[in-house]
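Student: how would this look folded up:
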Amino acid sequence: MQRPGDILVVDDEIDIVNLVVDVLQDEGYHVRSAPNGATALEAIVQQPPAMILMDMYMPQMTGVMLIEHLQQQGVHNIPVVLMTASPRAAEQFIGSRSVDYLAKPFDIDQLLDCVARYMTTPETSTPPNDSAHSHPA
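Tutor: Now for the predicted structure:
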């Protein structure tokens, strides 16, 4: 089943991009990818996604820099999930800015649970629960 909206996956590690894209496409999501923040910014301007999953540390433009650019341009309505091995660094961006994080390494169930919180399907339209993050307890 195709789900509404699309997800932009941004990471400079091609193996991670391929894994995330394959898993999400198998679940019926429409997925695009970008190898860095600069390319992602262009893709977002051309066609805003319903959700962004991105690495925090990338060459050319980090995930943090991309978030800052989006906020400066007034883009606050796209949920952004930082995929990072440094959850403490990501926590400073959590909150009212529609930013969450998924701690690396993550398993497929954690990825799918995280995406399901932000992507709606025709059957569900429940808003995401801002108090729950995708990091292990």
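Student: Point to the helix or strand of this structure where mean pLDDT is at its lowest.
Tutor: Taking mean pLDDT, DSSP states H and E as the measure, the helix or strand of the chain with the lowest value is helix 87-91, at a mean of 69.
Student: could you point out which element follows that helix?
Tutor: On the C-terminal side of helix 87-91, the closest following helix or strand by DSSP states H and E is strand 99-103.
Student: Just the CA atoms of the helix or strand following that next one, as PDB, please.
Tutor: As assigned by DSSP H and E, the chain's next helix or strand after strand 99-103 is helix 108-118. Taking Å, rounded to 0.1, in the frame of the first residue of the first chain, the C-alpha atoms of helix 108-118 are listed here in PDB:
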ATOM      1  CA  ILE A 108      14.400  -2.100  11.600                       C
ATOM      2  CA  ASP A 109      11.500  -2.100  14.200                       C
ATOM      3  CA  GLN A 110      12.900   1.100  15.800                       C
ATOM      4  CA  LEU A 111      13.100   2.700  12.300                       C
ATOM      5  CA  LEU A 112       9.500   1.700  11.400                       C
ATOM      6  CA  ASP A 113       8.100   2.800  14.800                       C
ATOM      7  CA  CYS A 114       9.800   6.200  14.400                       C
ATOM      8  CA  VAL A 115       8.600   6.700  10.900                       C
ATOM      9  CA  ALA A 116       5.000   5.600  11.800                       C
ATOM     10  CA  ARG A 117       4.900   8.300  14.500                       C
ATOM     11  CA  TYR A 118       5.300  11.000  11.800                       C
END
